[in-house]
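structure, please.
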Amino acid sequence: MSKTTEEVKRDVMDGAVEILSSFGMSPTVTQLYLELFFSGEPLGLKELSGRTGYSVSTVCTSMDLLESMLDVRKFTKPGSKKVYYICEHDTKPVFHKKWMMSHKALHSIIEKLEEAEARLRDDRSPEAKSMRAYVAKLRMDYELAHSILTKMLEFYSHEALMKNGKEERQKKRK
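Got it, this is the predicted structure:
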């Protein structure tokens, strides 16, 4: 790897670790993901351990998380028992899946908050009045987040449809 590409890789990794750590992502997981992202080839647990300095057991534990969260795929080569990991370099489906899960979760929370508001509606106690205000504020916050996610999902679906339409037109021309 050239000096420039090595420096760029290190800068991106350092920046991503710093930023994603502020969102609660483990620096270990972030480094392992970016190592796979930049490798351009499948890597085994020992290779990832050697490249990052983490123990094989730490790498193994982190890879399960990476597979469930990002565009990392685990596989074995024919005739081998060795497990490899590769970055698919396509985070859109991963984000879409997470957005869909969050969208459904927000909808469920909003329903629960609406139920709570309805149950508190006839209670005239000071505690109920205070709780109604808190629940109403929380419901409005969740509704805002839900509407933002709805727009993101609509945009993603539109973009996917446009891409598929473009690919179909290109196939017809050939």
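
for the helix or strand harbouring Ala133, packing partners?
Using DSSP states H and E, Ala133 maps to helix 126-173. Helices and strands touching helix 126-173, by 3 or more Cβ pairs under 8 Å, 6 or more residues apart in numbering; DSSP states H and E, are helix 92-120. Bear in mind the C-beta positions are built from the backbone N, C-alpha and C, glycine included.

list the buried residues for the helix it packs on?
103, 106, 109-110, 113, 116, 120 (16 or more other Cβ atoms under 10 Å).

and the angle for the lowest-mean-pLDDT helix or strand in the chain with helix 92-120?
For the chain, counting by mean pLDDT, DSSP states H and E, helix 126-173 ranks last in confidence among helices and strands (a mean of 83). With axes from the mean of the first three to the mean of the last three Cα atoms, to 10 degrees as the basis, helix 126-173 and helix 92-120 are set at 150 degrees to each other.

restricting to C-alpha, output stretch 110-130 in PDB.
C-alpha atoms of stretch 110-130 as PDB (Å, rounded to 0.1, in the frame of the first residue of the first chain):
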ATOM      1  CA  ILE A 110     -46.600   5.900  19.600                       C
ATOM      2  CA  GLU A 111     -49.500   3.400  19.900                       C
ATOM      3  CA  LYS A 112     -48.500   2.700  23.600                       C
ATOM      4  CA  LEU A 113     -48.200   6.500  24.300                       C
ATOM      5  CA  GLU A 114     -51.700   7.100  22.700                       C
ATOM      6  CA  GLU A 115     -53.100   4.300  24.900                       C
ATOM      7  CA  ALA A 116     -51.500   5.900  28.000                       C
ATOM      8  CA  GLU A 117     -53.000   9.300  27.100                       C
ATOM      9  CA  ALA A 118     -56.400   7.700  26.700                       C
ATOM     10  CA  ARG A 119     -56.200   6.000  30.100                       C
ATOM     11  CA  LEU A 120     -55.100   9.200  31.800                       C
ATOM     12  CA  ARG A 121     -57.700  11.400  30.100                       C
ATOM     13  CA  ASP A 122     -60.400  11.000  32.800                       C
ATOM     14  CA  ASP A 123     -58.000  11.100  35.800                       C
ATOM     15  CA  ARG A 124     -58.100  14.600  37.300                       C
ATOM     16  CA  SER A 125     -55.300  14.100  39.800                       C
ATOM     17  CA  PRO A 126     -52.300  16.400  39.700                       C
ATOM     18  CA  GLU A 127     -50.100  13.400  39.000                       C
ATOM     19  CA  ALA A 128     -52.200  12.400  36.000                       C
ATOM     20  CA  LYS A 129     -52.200  16.000  34.700                       C
ATOM     21  CA  SER A 130     -48.400  16.100  34.900                       C
END
